[in-house]
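In: Fold the following.
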Amino acid sequence: MSVRSVVRHEKWTLTPDREPDAEPTTYAMACAVCEESSAASEDVADSQSWVLEHCGRNPSHHTFREIITRPWRTWRHS
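Out: Sure thing, here's the model as predicted:
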């Protein structure tokens with residue numbers, strides 16, 4: 001009995017998923033000082049407003065991280 005292996009190299013493409021049924025891109029902000037974060041939203045203005053409100057409540061918090069969740073998709077070329 002012999003063992004046989006087949007190796008096949010294929011070309012793949014990776015791109016942001018812009019199909020009608022794709023998950024939405026969402027935005028959030030996180031405070032780098034206390035790690036508190038905004039809720040994720042499809043409107044970037046929501047997370048930016050959260051930053052300004054957070055700064056108002058915490059005047060020493062000046063550094064934030066933007067968190068973008070973007071759907072991606074792959075497909076194999078024939």
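In: okay, CA-based contacts and neighbour counts for the rest of this
Out: Will do.
In: Look up how far Ala45 lies from Glu36.
Out: When distances are taken as CA to CA, to the nearest Å, Glu36 and Ala45 turn out to be 18 Å apart.
In: Actually, Met1.
Out: Distance check for Met1 against Ala45: by CA to CA, it reads 65 Å.
In: Between those two, which is the more surrounded one?
Out: Comparing Met1 with Ala45 by other CA atoms under 10 Å, the one with more neighbours is Ala45, at 12 against 3.
In: which helices and strands does the one helix or strand the more buried one maps to pack with?
Out: The secondary structure element spanning Ala45 is helix 44-57 (assigned by DSSP states H and E). With contacts defined as 3 or more CA pairs under 8 Å, 6 or more residues apart in numbering; DSSP states H and E, the packing partners of helix 44-57 are strand 26-31.
In: What pLDDT does the model give the residue nearest the centre of the chain?
Out: Of all residues in the chain, the one closest to the mean position by CA atoms, centre = their mean is Thr69, 1.8 Å from it. Among the per-residue scores, Thr69 holds a pLDDT of 98.
In: From what I see, it and Glu23 are in contact.
Out: No. At 9.5 Å, Thr69 does not count as touching Glu23 under the criterion of CA atoms under 8 Å.
In: For stretch 10-28, buried residues please.
Out: Of the residues in stretch 10-28, those buried by neighbour count under the rule 16 or more other CA atoms under 10 Å are Asp17, Thr25, Thr26, Tyr27, Ala28.
In: for stretch 47-66, same thing?
Out: Using 16+ other CA under 10 Å as the test for burial, stretch 47-66 gives Ser47, Gln48, Trp50, Val51, His54, Phe64.
In: and for that stretch, what are the contacting residues?
Out: By CA atoms under 8 Å, 6 or more residues apart in numbering, the surrounding residues in contact with stretch 47-66 are Tyr27, Ala28, Met29, Ala30, Cys31, Ala32, Val33, Cys34, Ser38, Ala39, Ala40, Ser41.
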